[in-house]
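J.: Attaching a predicted model along with its sequence, questions to come.
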Amino acid sequence: MIDDPKRRGLGRGLAALMGEPAPGSEAAAARSAAATGVREIPIEQLKPNPYQPRKVFNKDALEELAQSIKAKGVLQPLLVRRAKDGQGYEIIAGERRWRASQLAKIHAVPVVIKEITDRDAVEIGLIENLQREDLNPVEEAGAFLQLSEEFGYSQDQIAQVIGKSRSHVTNILRLLQLPKSVITLVITGKLTAGQARPLIGHPLAEQLAQRIIEGQLTARQVEKLVAVGREVGTPQAAKKGGRPAGAAKPKAANESAPARKDADTLAFERGMAAALGMKVEIEAEPGNPEAGRLVVHYRKLEQLDELAKKLSRR
């Protein structure tokens with residue numbers, strides 16, 4: 001699969017696939033067009049690539065490209081294939097130029113027509129955008145998932161195609177496990193992949209995401225925040241000084257031992273602790289599992305003030 005000569009061309013860039021040098025000037029573009037069978041196609045005969053990994057097109061960037069096209073024309077031809085229904089052509093690479101050409105009121109654009117499989121269409125669309133660093137991490141993950149589920153690619157094969165490590169592929173794919181609201185924050189650029197990754201599988205990922213944005217936390221700070229929240233209440237946390245700072249003193253021998261907390265309660269405690277940055281305890285009322293109290297421990301008045309501000313905003 002990966003050893004096919006044409007498939008090796010994908011990794012070297014679109015110029016290799018199209019059999020042309022990457023244009024370095026207008027003259028180079030013109031010579032390339034003459035040598036590779038470039039033809040003009042009316043813009044209305046073109047349609048977007050159904051396998052286009054990019055879902056978001058920046059309006060300002062499109063307008064800027066449209067102004068450039070008005071002044072100099074479309075210098076690099078679009079890569080297209082004949083549509084399966086026989087009506088026009090599907091854009092494999094160059095959808096951004098096509099959209100900008102419409103804004104520039106261009107009636108026809110240069111194209112190179114190739115016979116391209118669906119599998120190659122996904123690869124080319126992914127590589128084109130990765131080379132230009134145009135994809136956000138969620139779009140990149142979606143393209144990896146499509147290569148895996150629809151075309152049977154392993155993570156090693158995806159890594160080989162895009163020229164990155166297998167761990168990069170794994171980490172990007174894991175972002176799709178986040179809650180939808182957090183994924184949206186990554187798509188819109190409010191959270192980076194590094195900030196979002198520690199939230200994967202966390203019961204309070206959405207609340208933590210808002211705290212990250214409000215506090216403008218770095219990826220390293222997020223990792224520490226989540227780690228602290230997960231360690232609160234664990235045996236390891238109690239090793240320092242006999243028990244965690246702020247922990248309740250052991251009960252007297254004549255006091256009844258508290259009921260063992262279930263996994264959901266412990267997870268909620270850890271999540272709340274991570275979200276607030278303070279130790280949190282949930283104590284069920286004896287004989288009434290639906291009632292109890294929530295105890296938040298603070299070490300200094302500034303923490304209490306910050307908690308009061310958060311509660312007053314809700």
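T.: Alright, I've got the coordinates.

J.: For Leu176, which non-adjacent residue is spatially closest?
T.: With sequence-adjacent residues excluded and distances taken as CB to CB, 6 or more residues apart in numbering, Leu176 is closest to Ala141, at 5.1 Å. Where C-beta positions appear, they are placed from N, C-alpha and C, glycine not excepted.

J.: Likewise for Leu304?
T.: Tyr298 (4.9 Å).

J.: The one you found touches Asp305, doesn't it?
T.: No - the criterion here is CB atoms under 8 Å, and Tyr298 misses it with Asp305 at 9.4 Å.

J.: State whether the residue nearest to Leu176 is indeed within a strand.
T.: No - counting by DSSP: H, G, I helix; E, B strand; the rest coil, Ala141 is not found in a strand; it is helix.

J.: more neighbours, Tyr298 and Asp305?
T.: Shown here are Tyr298 and Asp305; by other CB atoms under 10 Å, Tyr298 has more neighbours (16 against 11).

J.: What are the phi and psi values at that one?
T.: phi -120, psi 150 (degrees, to the nearest 10).

J.: Return the distance of it relative to Glu214.
T.: 19 Å (CB to CB, to the nearest Å).

J.: Ok, Asn129 next?
T.: Distance from Asn129 to Glu214, by CB to CB: 31 Å.

J.: Glu283 too?
T.: Counting by CB to CB, the gap from Glu283 to Glu214 is 29 Å.

J.: With neighbour numbers in mind, choose between those two.
T.: Relative neighbour count places Glu283 above the other of Glu283 and Glu214, with 14 against 10, counting by other CB under 10 Å.

J.: List the beta-bridge partners for the more buried one.
T.: Arg293 (DSSP bridges).

J.: residue contacts, it?
T.: Pro258, Gly292, Arg293, Leu294, Val295 (CB atoms under 8 Å, 6 or more residues apart in numbering).

J.: got a list of what the fourth one touches?
T.: In this structure, Leu294 makes contact with Met272, Val280, Glu281, Ile282, Glu283, judged by CB under 8 Å, 6+ apart.

J.: Distance of it relative to Glu140?
T.: 40 Å.

J.: Which of the helices or strands spans the nearest residue to Lys114 once chain neighbours are set aside?
T.: Leaving aside its chain neighbours, Lys114 sits nearest to Arg81 (5.9 Å; criterion: CB to CB, 6+ apart). In this assignment (DSSP states H and E), Arg81 forms part of strand 78-82.

J.: can you pull out the strands in the protein?
T.: Secondary structure of the chain by DSSP state E: the strands cover 39-42, 46-47, 78-82, 89-93, 108-113, 279-285, 288-297.

J.: Okay, buried residues for the first one please.
T.: Spelled out, that is strand 39-42. Neighbour counts over strand 39-42 (16 or more other CB atoms under 10 Å) mark Ile41 as buried.
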